[in-house]
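S.K.: Give me the fold of what follows.
(2 chains)
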Amino acid sequence: MSALVLALLLQAHPAPAATPAASQMQPVEAPAAGATAQAHSPAPEGHTPADGGEPDHGAAGPGDVLMHHVQDGPFLGIFPSKHMVFLLLVAVMVIVVAQLGVRSYRGGRIPRGLGAAVESLVLFIRDEIAEPNIGHGDGRKFTPLLCSFFFFILVAALVGLLPFSATSTGNIAVTLALATVSFAAQQWAGISKYGIMGHFYNLVPPGLPLWLLPIMIPLEILSMFTKPFALTVRLFANMLAGHMVITTLLLLIALMGQMSWFAGAAMAPISIVLAVFIMLLEVLVAFIQAYIFTLLTAIFIGMYAHPAH
Amino acid sequence: MDPKGLAYFAAGIGAGLAIVGGAAGIGRLAAAALEGIARQPNAVADIRGAMIVAAGLIEGATFFALIVTMVLAFK
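M.R.: Numbering: from 1, shown residues only, chains lettered A, B, ... in the order given. As a prediction, this is how the structure comes out:
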């Protein structure tokens, strides 16, 4: 991201000088103007507004830079998908950190350092998220799954804040996969406890008037699928929105710089301060979204595991 | 009229309307939560948890609208 914005800035700044020169030369030496334009264009990644200051509504505008920043793409020339690379990286990181955390328990020792840090989060998930919402006993069974959700989403969001990285949960396919696992866990919670017929029988609250059934049954089946869909879009949009806001704030420098050199220079400190603020907010959002996804999954599992109320 | 211009226009208005709805929801939620905490200071932890969940739901609904405006603006 920062590389892109830098490239944009470099494009924007020569613009006031280059454009009048080009327009003066145009009647006489069109090839020269073309050469300067060519000299500008092979900037990194090819996603820069064409030819500096010209009001170009063609291929590369601010919207394209924004989309390029959040969309999936090739990585380092060898990997076809940047999000996939960082998804696997985050998965490996979570596994390694969990193993290192578990290791400090070996031999009945009291955990220190990393083990204690991981333990505090795991205990929070078990005692504050799983047990109150799924119920005692059932909550313990689903704690490993909820921990996986929590740590994966948290680490993915935090890794996505590093320069030159990508947030894999900012890809709707990834969040859809997470929500599918959550959906399977919700259905499994009901089916394993009451059997497959009992599970569907439980969807409708007992003691309902018979004439309400034609309304309630489609509604409940619909709500079965809207829950994971809401989880999908919530996480995806949250991860996307923060990055888009940061990019937009930094793009403001380039957009102002296209108007005049001074406007760009004046915008820079404001944009950078605001972007740093949003960046810090993103750290908070990483924790909150991991918590919300885990908590909502636990609540939905609890709804199917204890359907009476 | 230029269809692209109309799309930008619609995206801008849509983003504004989405934020109006989201802000109204979050504002009412925060007001109610603060009132609840003022009346019952012992229940801060429970109220905070419930508030975060409700805020997440409101935020999710707002993001549905925002994604539609993003599609309008960038596609």
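
S.K.: Give me the packing partners of the helix or strand where A:Pro218 lies, helices and strands only.
M.R.: Using DSSP states H and E, A:Pro218 falls within helix A:213-259. With contacts taken as 3 or more C-beta pairs under 8 Å, 6 or more residues apart in numbering or on different chains; DSSP states H and E, helix A:213-259 sits against helix A:2-12, helix A:62-70, helix A:138-159, helix A:172-202, helix A:261-305, helix B:44-74. (C-beta placed from N, C-alpha, C; glycine too.)

S.K.: any idea of the mean pLDDT in stretch A:197-210?
M.R.: Stretch A:197-210 shows a mean pLDDT of 79.

S.K.: contacts for it?
M.R.: Stretch A:197-210 is contacted by residues A:187, A:190-191, A:193-194, A:213, A:216-217, A:220-221, A:224, A:304, A:307-308 when judged by C-beta atoms under 8 Å, 6 or more residues apart in numbering or on different chains.

S.K.: Leaving out the residues flanking it, which one is nearest to B:Ala65?
M.R.: Spatial nearest neighbour of B:Ala65, excluding adjacent residues (C-beta to C-beta, 6 or more residues apart in numbering or on different chains): B:Ala18 at 3.7 Å.

S.K.: Buried members of the contacts of stretch A:197-210 into PyMOL, please.
M.R.: The buried residues among those can be selected in PyMOL (16 or more other C-beta atoms under 10 Å in any protein chain shown) with this line:
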select buried, chain A and resi 187+190+194+224+304+307
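
S.K.: need the contacts of stretch A:197-210 in CSV with pLDDT, can you?
M.R.: Formatted as CSV, the contacts of stretch A:197-210 follow (pLDDT from 0 to 100):
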residue, pLDDT
A:Gln187, 90
A:Gly190, 86
A:Ile191, 88
A:Lys193, 83
A:Tyr194, 83
A:Leu213, 81
A:Met216, 83
A:Ile217, 84
A:Glu220, 86
A:Ile221, 87
A:Met224, 88
A:Tyr304, 86
A:Pro307, 74
A:Ala308, 65
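
S.K.: Which one of the contacts of stretch A:197-210 is nearest to A:Ile270?
M.R.: Closest approach to A:Ile270 among the contacts of stretch A:197-210 (C-beta to C-beta): A:Met224, at 47.4 Å.

S.K.: near chain A, which residues of chain B show up?
M.R.: When proximity is defined as C-beta under 8 Å from any C-beta of the partner chain, chain B approaches chain A at B:4, B:49, B:52-53, B:56-57, B:59-60, B:63-64, B:66-67, B:70, B:73-74.

S.K.: Any regions of the chain where pLDDT drops low?
M.R.: I'll assume chain A. Scanning chain A for pLDDT under 70 picks out the ranges A:1-63, A:308-309.

S.K.: Wait, chain B was what I had in mind.
M.R.: B:75.

S.K.: For chain A, give me its nearest residue in it.
M.R.: Among all residues of chain B, B:Phe63 sits closest to chain A, at 3.4 Å; criterion: C-beta to the nearest C-beta.

S.K.: all helices of the stretch 1-150 of chain A, in order?
M.R.: A:2-12, A:15-25, A:30-40, A:62-70, A:82-103, A:114-124, A:131-134, A:138-159 (DSSP state H, counting those that start in this stretch).

S.K.: that older thread, where's the residue nearest to B:Ala65, which helix or strand?
M.R.: Going by DSSP H and E, B:Ala18 is in helix B:3-39.

S.K.: Tell me the gap between that helix and the middle of its chain.
M.R.: 4 Å (C-alpha atoms, centre = their mean, to the nearest Å).

S.K.: Point to the residue nearest the middle of chain B.
M.R.: B:Gly22 (2.4 Å; C-alpha atoms, centre = their mean).

S.K.: which ones are touching it?
M.R.: B:Ile58, B:Glu59, B:Ala61, B:Thr62.

S.K.: Not counting its neighbours along the chain, what's nearest the residue of chain B closest to chain A?
M.R.: Nearest to B:Phe63 is A:Ala237, by C-beta to C-beta, 6+ apart, at 3.4 Å.

S.K.: what's the neighbour count on that neighbour?
M.R.: Using other C-beta atoms under 10 Å in any protein chain shown, the number of residues around A:Ala237 comes to 23.

S.K.: same check, this time on B:Ala38
M.R.: Count around B:Ala38 with other C-beta under 10 Å applied: 8.
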